[in-house]
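[1] I'd like to go over a predicted model; first the sequence, then the structure.
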Amino acid sequence: MADTTGKLDDKVVLITGAARGQGAAEARQAAEHGAIVAVCDIRDELGEAVAAEVDGSYYHLDVTSAGQWREVVAAVVETHGKIDGLVNNAGIYLGDTVLDANEDNFRRVVEVNQHGVYLGMTSVAPTMIEQGAGSIVNISSIAGMRGYGAIAYAASKWAVRGMTQSAAAMLGPHNVRVNSIHPGAIETDMLFDLGEAAAERLVRSVPMGRSAKSEEVGAAVMFLLSDEASYMTGSELVVDGGLITR
């Protein structure tokens, strides 16, 4: 049973990639904790269903589009007067290695996973600075903390880690916090798309002996969005059952 303590009461939280998987789980958890949720995605039908479920609003948002970011942020602020939290959750995975690299694939992964996070932070920062408060949570990966075969994915997730540190230093004086979360083997389409054999090998290497539910990552996100994490910025929370220790 989720802890519905209202830790996000009346906070306006924008979540990207929220139409399914981990993003949808985060939207549900944020609503359970009292947040007003802006569900953002490019999968309109699924996103609208999640927004209806959490009594929030749906916004079509391609995270690689600066124009769409401006429009969505302006619409949320016009409706609610503020944005308290941003979860940069949207991301894609392509498994190209340095030996079978495809330049177009590399660009696409970086555009979504890295540039999308950059646009998200730069789009909400002025509003949060004006408010004098805010929390940005960037979803990276343990692939952003060690060597990893999928070169574009690893590059993008290392970049998210660096951008988080840079933004935390710049926005800290304005009471705007920026932190990153680094999931391991989480039960989402990204894990299942690896194929059954590869997914099983990955899970077997987890010291805790299992994969995680999306809600377990979501719990870390809720903490960072809340005032409970009021003195945390530039932090990196690893949610991986110990996988990074192997």
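    Arrived safely, thanks for sending.

[2] What ranges does the protein have for its helices?
    Assigned by DSSP state H, the chain shows helices spanning 21-32, 44-53, 66-80, 103-110, 116-131, 151-171, 189-192, 196-204, 214-225.

[3] what's the most buried one of those?
    Of all the helices of the chain, helix 21-32 carries the top mean neighbour count, a mean of 25, counting by mean count of other Cβ atoms under 10 Å. For every residue, glycine as well, the C-beta is placed using N, CA and C.

[4] just checking, what packs against it?
    Judged by 3 or more Cβ pairs under 8 Å, 6 or more residues apart in numbering; DSSP states H and E, the packing partners of helix 21-32 are strand 12-16, strand 36-41, helix 44-53, strand 85-88, helix 214-225.

[5] Quick one, which of the ones you listed gets closest to T164.
    Of all the helices and strands packed on helix 21-32, strand 85-88 sits nearest to T164, with 9.3 Å by Cβ to Cβ.

[6] ok, the longest strand along the chain: who's next to it in the sheet?
    With secondary structure taken from DSSP state E, the chain has its longest strand at strand 176-183. Neighbouring strands of strand 176-183 in its sheet, by DSSP bridges, are strand 134-139 (parallel), strand 236-239 (parallel).

[7] For the longest one, which outside residues touch it?
    For strand 134-139, the external contacting residues (Cβ atoms under 8 Å, 6 or more residues apart in numbering) are 22, 83-89, 91, 117, 120-121, 124, 127-128, 160, 163-164, 167, 171, 175-181, 183, 217, 221, 224-226, 229.

[8] what does the shortest one give?
    Contacts made with strand 236-239 from outside it, assessed by Cβ under 8 Å, 6+ apart, are listed as 140, 142, 145, 161, 164, 179-184, 186, 212, 216-217, 220, 224, 244.
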